[in-house]
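Participant: Here is my input, please return the structure:
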Amino acid sequence: MLLSKEQILAAADVRYEEVAVPEWGGSVRVRTMTGEQRDAYEQSLFAGRAEDGGTIANVRARLAAYSLVDEAGALLFTEAEVALLGAKSSAALDRVVEASRRVSALSQEDIDALGKPSPATAAGDSTSSSPAS
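Facilitator: So this is what the prediction gives:
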């Protein structure tokens, strides 16, 4: 069955996962990143690699900030608060990051590939196309 535009836009495709974080004394709620949030997250990693010569500051905290939500689904942290989150326990952040990767289908390979030219780009080939012409 082919989906219509209306069906795609109406689909409830956001997942949530509650994660116990004993280091923080309770649980947190992790939400799937939207496409827009994932693009912003990936862009921040790409920009960070370009500026810092290959390293990225607060990569775990940044992913957590794009994923931690309250009961209504609103993000708990802003981009300006990433460094504050980055000062928290790495063990606690790793729990959140694992859940975020799961619910957002984000692999370590996806992260590692950011900022590296794709084989097609490196060869001067472009196979991209626009979503709707």
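
Participant: Find the residue closest to Glu18 in space, skipping its chain neighbours.
Facilitator: Leaving aside its sequence neighbours, Glu18 sits nearest to Ser27 (CB to CB, 6 or more residues apart in numbering; 5.1 Å). Using the backbone N, CA and C atoms, a C-beta is placed for each residue, glycine as well.

Participant: For the one you found, what is the enclosing helix or strand?
Facilitator: In this structure, Ser27 sits in strand 26-31 according to DSSP states H and E.

Participant: That strand - which strands sit beside it in the sheet, and in what orientation?
Facilitator: Taking DSSP bridges as the criterion, strand 26-31 pairs within the sheet with strand 16-21 (antiparallel), strand 68-69 (antiparallel).

Participant: State the mean pLDDT of the helix or strand that the last one is followed by.
Facilitator: Spelled out, that is strand 68-69. Counting by DSSP H and E, the element after strand 68-69 in chain order, helix or strand, is helix 82-86. Mean pLDDT, helix 82-86: 94.

Participant: hmm, back to that, pick the most deeply packed of the strands paired with strand 26-31.
Facilitator: Comparing these by mean neighbour count (mean count of other CB atoms under 10 Å), strand 68-69 comes out on top with a mean of 18.
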